[in-house]
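K.L.:
Need a 3D model of the following:
(3 chains)
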Amino acid sequence: MTPTVSMIKVLGTVSLVCGALIVGSNIVTLARIRHNQEFIMRESVTQLLPGLQKQVIYGYNAAGDLTILPSLEGENVKRMFAGYDASGKFLGVVVEASERGYADLISGMYAYLPEKKVVSGFQVVDMRETPGLGSRIGSDPKFAENFQQLDATHPIKAVKHGTKQNPWEIDAISGATISSRAVGRMLQKSVQEMSPIIDKNLDRIKRGN
Amino acid sequence: MSDNAVSCHSAAPERNLADDNPFLNGLWKQNPVFVQVLGMCPTLAITNSVRNAIAMGLATTFVLTGSNCLISMIRKMVPKQVRIATFIAVIATMVTVVDYLVKAISIPVYKALGAYIPLIVANCIILERAEAYAARKPVFKSTMDGLGMGLSFAFALTCLGTVREVLGAGTFLGFSVFGPKFEPWLLFLLPPGGFISLAIWLLTFATWRERKAKREIAAAKAEAEKMQSVAVHA
Amino acid sequence: MNDSLGHIFVDALLINNFVLCVFLGMCSFLGLSQKFSTAWRMGVSVMFVITVSGVLSYGAHLLLAALHVEYLRIILYIIIIASTVQLTEMFIKKTSPALFRELGVYLPLITTNCAVLAVPLFQDSRGYNLVQSTVFAIAASGGYCLALMLLSLIRERTYLSDVPSLAKGTALTLVLAAILSMTFMGFAGMGS
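P.N.:
Here you go, the predicted structure:
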């Protein structure tokens, strides 16, 4: 057998085995990964909208049309979570957003109450910020207080630590200015994008269908 | 301590221990981080906390054991020219598998390890073991070698992670060690701290090894003198 | 991603320097910084490899996304990198045999340099387009080259100093790298 043929044979066999391993592990772990992601998402949404009993996932497109999504499937799908309490009363909408922070992308989720036009909570989902400094945007309780009643009628922005004067401003963490500003930009851009869509479909969202 | 970080193909495995008991050889004598100085990227990057260090160590162990095993199985079939390409293909496959496994086991850990799971492919240890050992030795020994090296890598990562987390955050695996009044040395969580911690560990182990060698030489000398005096008096 | 090109460039080169802040390319950073002449030659070779494979990987990423086989990306990127390194080797061998001999075994080792694999992975996760990816690749590899050169220059100075024998070699290099890393922390917040 010529060396070339034997080379091809070996490479072919190795590729087949490797391919089988990859595809196999993908299939085996898919359900479990999906389950984990949904669990974490549900936890986060419940923390942002206390009293949540039921959630509806709405996908939206550029024109502002909503469709109900059955699950968390799909990458880069534009979606929002509408939450309702036990009696079916509409609590608010949770939206995912991301923005470039100091080290890398910061992904977060925030709760938005469309009737009062207010951001009522913010959580960091994923970040690579400097531990002990930028990472405090996820753990600092004083920083979290910014998001209890953040006014969304004016452009949201982060201001220097200690200079917050208006309800649409975020008091940045001193030593974590860049990360705090990233959070501000993230919320501002997302609210700008989402609130027209939410307002347009508000009745439908409140009903949950 | 001589400069042994010259290339990935540096330290030649000690023939006897590597052949007889590859597990122990990998585990201590040829510790990939402290002795061979390989696999530096994850060692410095992921050791911010003990949990991440252990997770990364176990993931690398999985890849190392699996790839050593597979490569040893196919070592006789692979022609010389495509050797490296085949090894890399196998390693990349194991890394993809471990990527899914970690994601399935714990998403917070997966997020913490971030981009470094795919980077296990570029971990010099794995390719070095494949070429230096798995390509030549039988399956069982290769698997044991992979397991030993992987676990010792995990051990090294944990040592580093402990120092960095305890001093840099005041916690161990999330549990506060010094109480709430402790002002942590933030530097240890930052890149310079990683470098410094590793340097200190290397110096510690080098000192320990040197002392041990000195003791052995002294003991051997004493033994030789005893033999000589016995011979003289006999 | 809406980052401006200038920001991407400065960020990858200085603020989040690949070697000193993100800990990529450490093996060769610690192992090849003994001499300045080797260091800068290695740095430039790596720059070439990273830039070429970064751009090719961007194309590969588009292909994978179109075919919905994202899980093959690690293997595909590694294949691209290995091929680029092979090409670089042949190119250097033809144009400058002296350089080829000097770099020796370190040239094929660029394949296992984490920095090279990390660039396409970062490009993916940040969603850069082609131009941003190219700028990012050049800046990131430039940062690696810069750090390597700086460390080798410092190390050359230490050969005439009285260093305890136990600390010679890797331990000293690590401490020097720590100090270098601390100085690079001073770039934090540039351009924001």
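K.L.:
Read off the pLDDT value for B:T65.
P.N.:
Reported pLDDT at B:T65 in the predicted model: 94.
K.L.:
how about the nearest residue to it, chain neighbours excluded?
P.N.:
B:G146 (4.0 Å; Cβ to Cβ, 6 or more residues apart in numbering or on different chains). In this view, the C-beta of every residue, glycine as well, is placed from N, C-alpha and C.
K.L.:
ok, residues contacting stretch C:105-116?
P.N.:
With contact meaning Cβ atoms under 8 Å, 6 or more residues apart in numbering or on different chains, stretch C:105-116 is reached by B:7-9, B:41, B:84, B:88, B:119, B:122-124, B:127, C:18-19, C:24-28, C:32, C:38, C:42, C:45-46, C:49-50, C:53, C:78, C:81-82, C:85, C:88-89, C:92, C:100, C:140-141, C:144.
K.L.:
sorry, that was for stretch B:88-96
P.N.:
Contacts to stretch B:88-96, defined as Cβ under 8 Å, 6+ apart, come from residues A:14-15, A:18, A:21-22, A:25, B:62-63, B:66-67, B:70-71, B:74, B:117-118, B:120-121, B:126-127, B:130, C:71, C:74-75, C:78, C:82, C:111.
K.L.:
next helix or strand past whichever strand or helix holds A:I33?
P.N.:
Assigned by DSSP states H and E, A:I33 falls within helix A:3-48. As assigned by DSSP H and E, the chain's next helix or strand after helix A:3-48 is strand A:54-60.
K.L.:
So what are the sheet partners of that following strand and their directions?
P.N.:
Strand A:54-60 has its sheet partners listed here by DSSP bridges as strand A:66-69 (antiparallel), strand A:79-84 (antiparallel).
K.L.:
roughly how far is stretch B:72-90 from the heart of the chain?
P.N.:
How far stretch B:72-90 lies from its chain's middle: 23 Å, per Cα atoms, centre = their mean, to the nearest Å.
K.L.:
Show me where chain A dips below the pLDDT cut-off.
P.N.:
When residues are selected by pLDDT under 70, those of chain A lie in A:1, A:75.
K.L.:
Could you list the contact residues of it toward chain C?
P.N.:
Taking Cβ under 8 Å from any Cβ of the partner chain as the criterion, chain A approaches chain C at residues A:18, A:22-23, A:26, A:100, A:102-105, A:177-178, A:181.
K.L.:
Which members of those residues are classed as buried?
P.N.:
The neighbour-count criterion (16 or more other Cβ atoms under 10 Å in any protein chain shown) marks A:18, A:22, A:26, A:100, A:102-105, A:177-178, A:181 among the residues of chain A next to chain C as buried.
K.L.:
could you redo the residues you listed as CSV and give each row secondary structure?
P.N.:
CSV is the format used below for those (DSSP: H, G, I helix; E, B strand; the rest coil):
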residue, secondary structure
A:C18, helix
A:I22, helix
A:N26, helix
A:R100, strand
A:Y102, coil
A:A103, coil
A:D104, coil
A:L105, strand
A:T177, helix
A:I178, helix
A:R181, helix
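K.L.:
Those: which ones sit near chain B?
P.N.:
A:18, A:22, A:26.
K.L.:
Was I right to think the last one contacts B:Y100?
P.N.:
Yes - look at A:N26 against B:Y100 with Cβ atoms under 8 Å: they come within range, at 6.1 Å.
K.L.:
quick one, longest helix in chain C?
P.N.:
helix C:36-67 (DSSP state H).
K.L.:
Go through that one and flag the buried ones.
P.N.:
C:36, C:38-58, C:60-61, C:64.
K.L.:
bridging residues for the spatially most central residue of chain A?
P.N.:
What sits nearest the mean C-alpha location of chain A, by Cα atoms, centre = their mean, is A:E96, with 2.6 Å. With DSSP bridges applied, A:E96 shows beta-bridge pairing to A:M109.
K.L.:
Out of the contacts of stretch C:105-116, list just those in helices.
P.N.:
Those of the contacts of stretch C:105-116 mapping onto helices are B:41, B:84, B:88, B:124, B:127, C:26-28, C:38, C:42, C:45-46, C:49-50, C:53, C:78, C:81-82, C:85, C:88-89, C:92, C:100, C:140-141, C:144, per DSSP H.
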